[in-house]
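Colleague: Give me a model of this one.
(2 chains)
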Amino acid sequence: ILNVEQSPQSLHVQEGDSTNFTCSFPSSNFYALHWYRWETAKSPEALFVMTLNGDEKKKGRISATLNTKEGYSYLYIKGSQPEDSATYLCARGGAGNMLTFGGGTRLMVKP
Amino acid sequence: EAQVTQNPRYLITVTGKKLTVTCSQNMNHEYMSWYRQDPGLGLRQIYYSMNVEVTDKGDVPEGYKVSRKEKRNFPLILESPSPNQTSLYFCASSPLNIGVGSYNEQFFGPGTRLTVL
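Modeller: Model (predicted):
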């Protein structure tokens, strides 16, 4: 059973739309929250690693926020482009190097 | 170039025929891990290794073996593959976290798509 939940499972948007999706996780014994971007036929690549409540990280048009008290993180994409089409994975970091992944949100951006 | 490599990338085999998927990293990472990815289930950890000769089970270890004789290599062994092991497999590595907390990003290999008939 996944205890990291992502929503929605998939999302279709038009080029230029801004979008966001959610990662929910148990707030107890929290260590870190990871976001990865996984393009078809490629390897997942890290976007952000966040550890502190209230953390906000940004990379270009993509940003993420973290609320460790209520157990959620949002990923935002501003002005989506077709090259943003990918599956976005979040993972809750446990003790040591352990990661528990959510099921992912598959984003498709139509030109 | 810093990378994680896996071989083979694609494999079709038959039930019961032993196979090994190799994983190698050139970043001198202590931690290595194997995941399988199935639709709707996210990445699930099979086995992991904190360093040479140190391995442990993840969430779905049944039917798999691993070894870590050298720091750079972490092969995944299926002694008697079955159709329910048809999946996409990823190897990943990262520096070992000092103290508690998984704050180091993991670097993933390109994936191995395995089909067991």
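
Colleague: So what touches the helix or strand where B:Ser33 lies?
Modeller: Remark: B:Ser33 resides in strand B:31-38, with elements defined by DSSP states H and E. Contacts to strand B:31-38, defined as C-beta atoms under 8 Å, 6 or more residues apart in numbering or on different chains, come from residues A:96-97, A:101, B:23, B:25, B:43-51, B:58, B:60, B:64, B:66, B:68, B:74, B:76, B:87-97, B:104, B:106, B:111. Where C-beta positions appear, they are placed from N, C-alpha and C, glycine not excepted.

Colleague: Stretch A:8-20 too?
Modeller: Contact partners of stretch A:8-20, identified using C-beta under 8 Å, 6+ apart, comprise A:21, A:74-82, A:103-111, B:40.

Colleague: Now the buried members of those.
Modeller: Listed as buried from the contacts of stretch A:8-20 are A:21, A:75, A:77, A:80, A:103-107, A:109; burial here means 16 or more other C-beta atoms under 10 Å in any protein chain shown.

Colleague: who's in contact with the residue lying closest to B:Asn7 once chain neighbours are set aside?
Modeller: Nearest-residue entry for B:Asn7: B:Thr22, 5.0 Å, with adjacent residues in sequence omitted and distances by C-beta to C-beta, 6 or more residues apart in numbering or on different chains. Under the criterion of C-beta under 8 Å, 6+ apart, the neighbours of B:Thr22 are B:5-7, B:73, B:75.

Colleague: go with 7 Å
Modeller: Taking C-beta atoms under 7 Å, 6 or more residues apart in numbering or on different chains as the contact definition, B:Thr22 lies against B:6-7, B:73, B:75.

Colleague: What is the burial count for whichever residue of chain A sits closest to chain B?
Modeller: Closest to chain B within chain A is A:Gly93: 2.8 Å, counting by C-beta to the nearest C-beta. When counting by other C-beta atoms under 10 Å in any protein chain shown, one arrives at 25 neighbours for A:Gly93.

Colleague: Distance check, it against B:Arg68.
Modeller: Separation of A:Gly93 from B:Arg68 (C-beta to C-beta, to the nearest Å) stands at 22 Å.

Colleague: In chain B, what residue spans correspond to strands?
Modeller: With DSSP state E as the definition, chain B shows strands at residue ranges B:4-7, B:10-13, B:19-25, B:31-38, B:42-51, B:54-57, B:65-66, B:76-78, B:87-94, B:107-108, B:112-116.

Colleague: Would you mind putting these into a markdown table with mean pLDDT alongside?
Modeller: Rendered in a markdown table, the data for the strands of chain B read as follows (pLDDT from 0 to 100):
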| stretch | mean pLDDT |
| --- | --- |
| strand B:4-7 | 97 |
| strand B:10-13 | 96 |
| strand B:19-25 | 98 |
| strand B:31-38 | 95 |
| strand B:42-51 | 92 |
| strand B:54-57 | 93 |
| strand B:65-66 | 98 |
| strand B:76-78 | 98 |
| strand B:87-94 | 96 |
| strand B:107-108 | 96 |
| strand B:112-116 | 97 |
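
Colleague: among the ones you listed, which is nearest A:Leu33?
Modeller: Proximity to A:Leu33 (C-beta to C-beta) singles out strand B:42-51 among those, at 14.4 Å.

Colleague: coming back round to it: please check the contacts of B:Thr22 and keep the buried ones.
Modeller: The neighbour-count criterion (16+ other C-beta under 10 Å) marks B:6, B:75 among those as buried.
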